[in-house]
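1. below is the structure, and that's it, no one-letter string:
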């Protein structure tokens, strides 16, 4: 009796132990795959930075020197002084800052309207807004260009900024509306009793409690605008108006096309262009993940 | 009509109509004020241009001389223009390759990440960071990596005795190369799907385990149905985006070699802003719109078979009281 019970217990322990080892083995394999995959994804970065610090004659040697010898820091000032990259950076910062501000202000106001105020046709209009997410942007491209041309805004940053003040994009409105809906309604009632108007509720109750969600919208908008290529390509004709994206593309034309390309300069300029979004990502990672969870849960 | 309804509700609520604005009327007015930026934007930047582009597609217009009505001539030209054929083929090929590859790749990585391994946040940072730098800089970096002679990829292949293709300069490899560039940013899809995976209730897995389901069946019968709405959403938005791919083809290949990467929007851009054929480009835009809508409809139709909506009714029935 006692022996059979203890042997049964031993058997159970053996099975559990087996499962534990199986689990450990599985995790080790997963680690291995993820490490290899991460390294694979990091190679392009390493290669870019490595090339950007080489002398021209060294960039074609094989096997490659991952740590250049000698390290040629001058590539950076040389590459960045061929074109007014400082000017491009200022233009980009101006356009992105103005656009992000517009998006955050207008999308939060619209989302507040949809989430907290009752008005006839609200559900229908919200559906219309969701439907516009499916509309391919290219259908409106030409008339919008004609409109801005008629307004005399071509070759100014206005076409890249002003639309952000008109709702700030269906996706952002949707994201904020979901977030605002999760704030308890009692907050509004308390505010109303204290004499808040509807706009007071927006500004004093909803906005202060939604700093995270607004940060998410700001970051996603930053990324979209920073990388935007077609917009600046269409609207900015003057070199002095260029953003980094179109400036870098123009620089590539100077650094060579198919024949001889001065990759060390091209990679130096590319590296500098990649730094702002990477910095923002590293410092604001938490918001990225949160943003995806909010839209993931409720979407 | 809608205001009449509100009025009736008001009368019912208070027993009489107040001469001054009631709270709910005030709320309705403020509600419209709040959404007015979007409403205005909808008219000026979306619906208006949507209609205008349809009208423009029946005209010939180079933005200098006044537009000339040409009937359906632009649409007739679409079907004889060989570049439309090239462009549609290249674009559908690219979308058909890059969207499933991105989704499946993202799902595979997300499943590994969902094991809650140690150092998960480090992996997440590393795998997501390429998705953050997308854009022209990424294009530059890949032009260099994919360089036919001295690029890292072909140099590495040469050391193991393989003569790599010319990638961006090879007609057959140009589109797969652009798909590869896109796949570098697989971390974007990974993060979305990881969020979805983490929202699957563990009780479902426990129940499946009790019923004797192995790892694969748990994946197929629990994980897949539970994340299918998010898979669908990403499939549709990814597809609409891929059908409008532009930047990488413009920067990396200029549509070549031999029109292999002449994506639809790139051709449209050239028709409008290089050849200044605004009417024809508008017709191109409408054809693309129809193609995208038709293919999206096919995806959505198929989704009734494979997408599972949990608590759909609960979600739509809930409303704010009052």
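-> Received it, and whenever you're ready, just let me know what you need. Since this is a predicted model, take the numbers as computed values, not measurements.
2. use CA for all of it now, contacts and neighbours both
-> Will do.
3. A strand includes residue B:115, no?
-> No - applying DSSP: H, G, I helix; E, B strand; the rest coil, one finds residue B:115 to be coil, outside a strand.
4. which strand or helix spans the spatially closest residue to it that is not a sequence neighbour?
-> Of all residues not flanking residue B:115 in the chain, residue A:27 sits nearest, at 7.6 Å (Cα to Cα, 6 or more residues apart in numbering or on different chains). Using DSSP states H and E, residue A:27 maps to helix A:2-52.
5. run the angle between the helix or strand that that helix is followed by and helix A:2-52 for me.
-> The helix or strand immediately downstream of helix A:2-52 is helix A:75-82, counting by DSSP H and E. Interaxial angle, helix A:75-82 versus helix A:2-52 (axes from the mean of the first three to the mean of the last three Cα atoms, to 10 degrees): 50 degrees.
6. who does helix A:75-82 touch, helix- and strand-wise?
-> Here helix A:75-82 touches helix A:263-283, going by 3 or more Cα pairs under 8 Å, 6 or more residues apart in numbering or on different chains; DSSP states H and E.
7. next, the angle from the helix it packs on to helix A:75-82.
-> Using the same axes, to 10 degrees: helix A:263-283 against helix A:75-82 is 100 degrees.
8. hmm, back to that, what's the spacing between the residue nearest to residue B:115 and residue B:182?
-> For residue A:27, the distance to residue B:182 equals 28 Å [Cα to Cα, to the nearest Å].
9. all helices of the stretch 151-299 of chain A, in order?
-> A:158-161, A:170-181, A:185-193, A:198-200, A:207-209, A:211-227, A:230-235, A:244-254, A:263-283, A:285-298 (DSSP state H, counting those that start in this stretch).
10. and the fifth one, what's buried?
-> By neighbour count, with 16 or more other Cα atoms under 10 Å in any protein chain shown as the criterion, the buried positions of helix A:207-209 are residue A:207.
11. quick one: that helix to chain centroid distance?
-> 22 Å (Cα atoms, centre = their mean, to the nearest Å).
12. does it reach chain B?
-> No - applying Cα under 8 Å from any Cα of the partner chain, one finds helix A:207-209 separated from chain B by no less than 13.7 Å.
13. contacts for stretch A:38-56, please.
-> A:59, A:66-73, A:75-76, A:262-268, A:271, B:123, B:126-127, B:130, B:141-142, B:145, B:184 (Cα atoms under 8 Å, 6 or more residues apart in numbering or on different chains).
14. switch the cut-off to 6 Å
-> A:66, A:68, A:71, A:72, A:73, A:264, A:267, A:268, B:127 (Cα atoms under 6 Å, 6 or more residues apart in numbering or on different chains).
15. quick one: the last one and residue B:186 touch, right?
-> No - the pair formed by residue B:127 and residue B:186 falls short of the contact definition of Cα atoms under 6 Å, at 7.8 Å.
16. now do the helix or strand hosting residue A:94, average pLDDT.
-> Per DSSP H and E, residue A:94 falls inside helix A:85-116. Average pLDDT, helix A:85-116: 95.
17. right, and the helix or strand after that helix?
-> Next along the chain from helix A:85-116, counting by DSSP H and E, comes helix A:122-132.
18. close to chain B, is that next one?
-> No - on the criterion Cα under 6 Å from any Cα of the partner chain, helix A:122-132 is out of touch with chain B, staying 8.2 Å away.
19. mind listing residues that contact the next helix or strand after that helix?
-> Counting by DSSP H and E, the next helix or strand C-terminal to helix A:122-132 is helix A:138-150. Residues from elsewhere that reach helix A:138-150 (Cα under 6 Å, 6+ apart): B:49, B:50, B:53, B:285.
20. okay, now residue A:96: neighbour count?
-> 22 (other Cα atoms under 10 Å in any protein chain shown).
21. check residue B:34 too.
-> Around residue B:34 there are 25 residues (other Cα under 10 Å).
22. quick one: it and residue A:109 touch, right?
-> Yes - using Cα under 6 Å, residue B:34 is in contact with residue A:109, at 5.5 Å.
23. so where's the chain uncertain?
-> This is for chain A. A:1-5, A:256-259, A:292-299 (pLDDT under 70).
24. switch to chain B, please.
-> The low-confidence ranges in chain B, as defined by pLDDT under 70, are B:1-19, B:310-322.
25. of the helices of the stretch 151-299 of chain A, which stretch is the most buried?
-> Mean neighbours per residue, mean count of other Cα atoms under 10 Å in any protein chain shown, is largest over those for helix A:170-181, with a mean of 23.
26. which neighbouring elements make contact with that one?
-> helix A:85-116 (3 or more Cα pairs under 6 Å, 6 or more residues apart in numbering or on different chains; DSSP states H and E).
27. show me what the helix it packs on is packed up against.
-> Counting by 3+ Cα pairs under 6 Å, 6+ apart, helix A:85-116 packs on helix A:170-181, helix A:211-227, helix B:23-41.
28. among those helices, which comes closest to residue B:294?
-> When the helices and strands packed on helix A:85-116 are compared by Cα to Cα, helix A:170-181 sits nearest residue B:294, at 22.1 Å.
29. next one: that closest one to chain centre, how far?
-> 17 Å.
30. residues from chain B in reach of chain A?
-> Residues of chain B lying near chain A (Cα under 6 Å from any Cα): B:2, B:28, B:31, B:34-35, B:37-38, B:41, B:49-50, B:53, B:127, B:133, B:135-137, B:150, B:192, B:195-196, B:285.
31. can you pull the domain assignment for chain A?
-> Chain A is divided into the following domains under automatic domain parsing: A:2-46, A:76-298.
32. now the ones you listed in CSV, with distance to residue B:301?
-> What follows is the domains of chain A, written out as CSV (distance: least, Cα to Cα, whole Å):
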stretch, distance to residue B:301
domain A:2-46, 35
domain A:76-298, 15
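33. residue B:215 is nearest to which of those?
-> That would be domain A:2-46 among those, by Cα to Cα, at 11.8 Å.
34. ok, the residue nearest the centre of chain A to chain B distance?
-> The structure's chain A has its C-alpha centroid closest to residue A:223; by Cα atoms, centre = their mean the separation is 3.5 Å. From residue A:223 across to chain B, the span is 7 Å (Cα to the nearest Cα, to the nearest Å).
35. name the nearest residue to that residue, ignoring sequence neighbours.
-> With Cα to Cα, 6+ apart, the residue lying closest to residue A:223 is residue A:277, at 6.7 Å.
36. distance of the one you found from residue A:218?
-> 13 Å.
37. cool, and residue B:250?
-> 28 Å.
38. swap in residue A:39?
-> On the measure of Cα to Cα, residue A:39 and residue A:218 end up 30 Å apart.
39. picking that back up, which of the contacts of stretch A:38-56 sit farthest apart?
-> A:72 and B:127 (29.1 Å).
40. look at these two and report which has more neighbours.
-> A direct count of neighbours by other Cα under 10 Å for residue A:72 and residue B:127 places residue B:127 higher, at 26 against 15.
41. if we ignore the residues flanking it in sequence, what's nearest that one?
-> Nearest to residue B:127 is residue B:187, by Cα to Cα, 6+ apart, at 5.2 Å.
42. related to what we said a few turns ago, quick one, which of residue A:27 and residue B:182 is more surrounded?
-> residue B:182 (21 against 17).
43. the nearest residue to residue A:236 once chain neighbours are set aside: neighbouring residues, count only.
-> The spatial neighbour of residue A:236 that comes closest, neighbours along the chain excluded (Cα to Cα, 6+ apart), is residue A:155 at 4.5 Å. Neighbours of residue A:155 under the rule other Cα under 10 Å: 19.
44. coming back round to it: would you mind measuring from the residue nearest to residue B:127 to residue A:109?
-> For residue B:187 relative to residue A:109 (Cα to Cα), the value is 31 Å.
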